[in-house]
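Chemist: just need the structure, nothing else, for what follows:
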Amino acid sequence: NAYLHTDDVPDISLQVIKRISDKHWYDALVEEHKIPFNSTIGPLVRFKLLLSDDPKQPSELIIFCQHTICDGTALANCIRDLLKHYADPTLPSTSVVPPRTLEDILPQGRGFSSLLKRAAMGVMNQKWRENPFIFSHRDFLDIHRAYWQEKVYRFVLLELSRQETSALNQKCRENGVTIN
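Modeler: This is a model prediction of the structure:
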């Protein structure tokens, strides 16, 4: 089983640095991507605020998460909630207690899909019990280092209109493609 916990995890930090240009966020994001997370200690999320001295210029918040705890959709929801609370600090906030195991979040229904998922998890758990392998922090560092020796990190920025976004989402659904 995979276990999720919040016991003895260091506080999440917010690094505030002076914003120096319109492209500073891009350089900060590329550099942040090169810093591996320590999955044995945590936290598995980092915040960096590029703070503008000029009130007429934007400041940018970069949230960088390890995929173990956050996919693209969850991160978008996190940013939405942060912005809502920033705009209205009087909004009530709640804590979300993480599930203790993956079995806690699998559907408990009796349908074929639920039974199939539970059976697959049972087989995977049994195989792991017979031949366990645990990635150490050293393993993650070796993988991270090997990646950066071979790869160049690039991304393309596209700004879509509401209509273009809807059309892209529809086309992805039609073709069974998930986007975050």
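Chemist: hey, let's count contacts and neighbours off CA atoms from now on
Modeler: OK.
Chemist: from the centroid of this protein, which residue is nearest?
Modeler: Within the chain, one residue has its C-alpha closest to the average C-alpha position: by CA atoms, centre = their mean, that is C70, at 2.9 Å.
Chemist: how far off centre is the worst-scoring helix or strand of the chain on mean pLDDT?
Modeler: Between all helices and strands in the chain, the lowest mean by mean pLDDT, DSSP states H and E belongs to helix 112-130, at a mean of 78. Its chain's C-alpha centre and that of helix 112-130 lie 25 Å apart, by CA atoms, centre = their mean, to the nearest Å.
Chemist: mind listing the helices for the protein?
Modeler: Counting by DSSP state H, the chain forms helices over residues 24-33, 72-87, 112-130, 137-150, 162-174, given from the N-terminal end onward.
Chemist: the shortest one - contacts with which helices or strands?
Modeler: If you count contacts as 3 or more CA pairs under 8 Å, 6 or more residues apart in numbering; DSSP states H and E, helix 24-33 packs onto strand 60-65.
Chemist: which strands or helices does the least confident helix or strand of the chain pack on?
Modeler: In terms of contacts (3+ CA pairs under 8 Å, 6+ apart), helix 112-130 is not packed against any helix or strand.
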